[in-house]
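> below is the sequence, then the predicted model.
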Amino acid sequence: MSDRADSRRRGLAVAGAALAGVVAYDLTQRRHAILRNFPIVGHLRYLLESVGPEVRQYIVTSNNEERPFSRDDRAWIYTSSKGRRNTFGFGTDNEMEAVEGYTIVKHAAQPMPGPADGTMGSAPDFALPGPKILGGAHGRRHAFRPASAVNISGMSFGALSGAAITALNRGALAAGCWHNTGEGGLSTHHLQGADVVFQIGTGYFGCRDEHGAFNLEALRERVTEGPVRAIEIKLSQGAKPGLGGMLPGAKVSAEIARVRGVPAGVDCVSPNAHSAFHTVDELIEFIELLASETGLPVGIKSAVGEQTFWDTLTERMVATGGGPDFVTIDGGEGGTGAAPLAFTDHVALPFKLGFARVYGTFARAELQEDVVFIGSGKLGLPINALSAFALGADQINVGREAMLSIGCIQAQRCHTDHCPTGVATQNPWLTRGLDPDVKAVRTTSYVRALRGELGRLARACGVAHPAFMHPDQIELIGQGFRHITLTEAFAYEADWREVPAGRRAEINALT
């Protein structure tokens, strides 16, 4: 009996030592935030993930049912960000003829040759520069051609952790793309070397006076602190169109307070409208003031609601010769901010509808060549992005997909300060699990994979750059085997998507 008890104790001791070893490894390794934050238990996630395809053969949930990003979506992002093979076997599991609005890309009989020919696994990175000079049409002193047509969208320090922002910025630097600050101001985490777009929201964080009003001198100081290449005025966003925002006082640390220019520990409120301007003419004057004082290209970001604003904006741009150098259109399906369910589900047009209306408004005013069009709102997946380019986007911004690349698991706890992967939280215990050096590499790999896939898709359609795609080259499948091109679906006129021959030749040489 004593020998049996001793054997049991030795077995327990060995098991305890093994568990302690696993805990020690989990706490000290740097690759997986889940394991650092949740030792031992976190391994269950990876076990379930590894046997997921087999288990799902006997479970009704398909690869495409989860939202906002399906298993297939997340699998492509995760494998791409880790530099692994992101191809799928045994053909599509989509019901191509039964899904309303299913996207079909019409490849060319003679695709354009390129580095994609004969490759397997992750696509090679393509040089996909911005097809237009940002600020060139309005003669801004610091106009430039963006190095990448795929960039990191605005996600504020405060909404995301400092470690997450650092990882995104370092990843953007290595990928050669820019990083939008979001409306939370310019922090040291944004100054890891990547080009930066400084976003100005309704709270004027980082460029405000003690009363919360816009302060031009403060803006001048911000743009000299780092590689700020452009300024974006945020009118609204797809996650919460028509609403302001609030960062709870518990999340307003001393560092966040300093970056935003607000008191620490106090609720940080963004109004739902700007105080620096109220009319379209005042908006244009504000844009021209910022451009004149900084020399930088200045643009606007907005979700799309009522049409009058866009009609008036283009009318006044024609009359005055001024206005935004770029227009970022956010779809109602965008989601990097918390909001009431009614707003996230029902306010603002989804991306294709909203973008097509705005692009058409500019095209009818013959302004489409004077403005750089940027799309955002779930465009970090190749087919979504390709559709955006075909509708007239010159560039795209990626938000939640970039978060997934650095470890987000779609826990949907962004607004609770309990993000388990340390991405969308200020909790020190949770953020310690996110190693910026490791996650920066994954951001870089993801951006390169997305550009690579877009480059391969474009060349399959016979063009060198996705911005040269024509809406006739993409069809949407309807019920009863009906089908319609993007041109027909969104009533585009024949000459709206004509690319000037000189620009096509120039970009072809660069790619």
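Ah, there it is. Residues are numbered from 1 along each chain as shown.

> point out where the stretch 251-400 of the chain drops to low pLDDT.
Low-confidence segments of the stretch 251-400 of the chain (pLDDT under 70): 336-339.

> can you give me the strands for this structure?
Applying DSSP state E to the chain gives strands spanning 102-105, 150-152, 179-180, 196-200, 228-234, 245-247, 268-270, 298-303, 326-330, 372-376, 395-398, 474-477, 483-485.

> mind putting those strands in TSV, distance to residue 422 and mean neighbour count included?
All C-beta spots, glycine's among them, are computed from the backbone N, C-alpha and C. As requested, the strands of the chain are exported to TSV (distance: least, CB to CB, whole Å; neighbours: other CB atoms under 10 Å):
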stretch	distance to residue 422	mean neighbour count
strand 102-105	34	16
strand 150-152	18	28
strand 179-180	19	28
strand 196-200	22	27
strand 228-234	26	24
strand 245-247	17	19
strand 268-270	21	20
strand 298-303	27	25
strand 326-330	26	28
strand 372-376	24	27
strand 395-398	20	28
strand 474-477	38	20
strand 483-485	44	14
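
> now render the ones you listed as JSON lines, adding distance to residue 16.
Shown next, in JSON lines, are the strands of the chain (distance: least, CB to CB, whole Å):
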{"stretch": "strand 102-105", "distance to residue 16": "54"}
{"stretch": "strand 150-152", "distance to residue 16": "44"}
{"stretch": "strand 179-180", "distance to residue 16": "46"}
{"stretch": "strand 196-200", "distance to residue 16": "50"}
{"stretch": "strand 228-234", "distance to residue 16": "54"}
{"stretch": "strand 245-247", "distance to residue 16": "43"}
{"stretch": "strand 268-270", "distance to residue 16": "46"}
{"stretch": "strand 298-303", "distance to residue 16": "55"}
{"stretch": "strand 326-330", "distance to residue 16": "52"}
{"stretch": "strand 372-376", "distance to residue 16": "50"}
{"stretch": "strand 395-398", "distance to residue 16": "45"}
{"stretch": "strand 474-477", "distance to residue 16": "58"}
{"stretch": "strand 483-485", "distance to residue 16": "63"}
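
> out of the ones you listed, which gets nearest to residue 88?
Closest to residue 88 of these, according to CB to CB: strand 102-105, at 16.4 Å.

> what strands line up against the closest one, and which way round?
Counting by DSSP bridges, the strands paired with strand 102-105 are strand 474-477 (antiparallel).

> which residues sit against the partner strand?
With contact meaning CB atoms under 8 Å, 6 or more residues apart in numbering, strand 474-477 is reached by 96-97, 99-106, 386-387, 390, 483-486, 489.

> rerun that using 7 Å as the cut-off
96-97, 99, 101-106, 387, 390, 483-486, 489 (CB atoms under 7 Å, 6 or more residues apart in numbering).

> where does the stretch 1-150 of the chain dip in pLDDT?
In the stretch 1-150 of the chain (pLDDT under 70), the answer is 1-3, 45-46, 48-65, 115-124.

> now the helices for it?
All helices of the stretch 1-150 of the chain, identified by DSSP state H, counting those that start in this stretch, fall at 2-28, 33-37, 42-50, 52-55, 71-81.

> quick check: the residue most central in space within the chain vs residue 149, distance?
Centroid check for the chain by CA atoms, centre = their mean gives residue 398 as the closest residue, at 1.6 Å. Using CB to CB, to the nearest Å, residue 398 is found at 11 Å from residue 149.
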